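Q: sequence plus predicted model, see below.
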Amino acid sequence: MKVDAYEKFFMWGVGVVLVAFFASTAIAAFGSAIHPPSHVETIDPTKIFTDARFRPTGVSVDPQGRVHARIVGMTFAWMPNEMTLPAETPVTFHITALDVVHGFQIVRTNGQSMAIPGYIAQFTTRFDAGEYLVVCNEYCGVGHHQMAAKMHVVPKDVWQAPPMSASTGASPVARNAGQGGDHGRH
Ligand code: CUA
């Protein structure tokens, strides 16, 4: 069978590009252990509210003084639906879902992640003082558009850590993942 020279050229070209794409994915996944933030840590979605990692939900400070925000997405709300955070301070978000896939997005910031049942997504970011809107950006059902929350970011000298917030430490897995820096930054 006669194959035109140009056709051969493009067939080989496509082959090379495909190999390069698959190889880069394989090297990132198996060589560098890079995974989506959603897959860092798992949780039983039926036991979220008895799991120490989400008790309490909302804002807390760990024994090392780092600020965490623990959030559960469900049809059709974020829990908690209101948070107050310190400005210009790294905040580590831990996000999971109770029922179906939701999308946690802090509007007009780089803070966003899918919320997937069974997984705890994590990212660390910081904010300027102001009022922020949190929405759901994955279609999750008839109440999807109502799934919103408020985030107040106040100057850090004004901010007060919530009472009892030192009671919950990040899990060892979450701590290790946090070392790598800004997982989930876009
Ligand atoms: Cu939750 Cu859309």
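A: Sure, I can see it.
Q: near the ligand, which residues of this structure?
A: Contact residues, the chain versus the ligand (C-beta under 6 Å from any ligand atom): 73, 102, 136, 138-140, 144, 147. C-beta: built from backbone N, CA, C; applies to glycine.
Q: those: which two are farthest apart?
A: G73 and Y139 (12.8 Å; C-beta to C-beta).
Q: and these two? which has more neighbours close in?
A: A direct count of neighbours by other C-beta atoms under 10 Å for G73 and Y139 places G73 higher, at 29 against 11.
Q: so where's this structure uncertain?
A: Low-confidence segments of the chain (pLDDT under 70): 35-40, 164-186.
Q: 80 - rerun?
A: 32-40, 163-186 (pLDDT under 80).
Q: ok, so of the residues of the chain next to the ligand, who is nearest P90?
A: The closest of these, once distances to P90 are taken by C-beta to C-beta, is G73, at 22.2 Å.
Q: specify the helix with the largest residue count in this structure.
A: Counting residues, the longest helix found in the chain (DSSP state H) is helix 5-26.
Q: which stretches in this structure count as helices?
A: 5-26, 172-179.
Q: who wins for proximity to Q64 among those?
A: helix 172-179 (9.0 Å).
Q: now do the buried residues in stretch 62-69.
A: Counting neighbours by 16 or more other C-beta atoms under 10 Å, one finds that the buried residues in stretch 62-69 are 62, 66-69.
Q: out of these, which sit inside strands?
A: 67-69 (DSSP state E).
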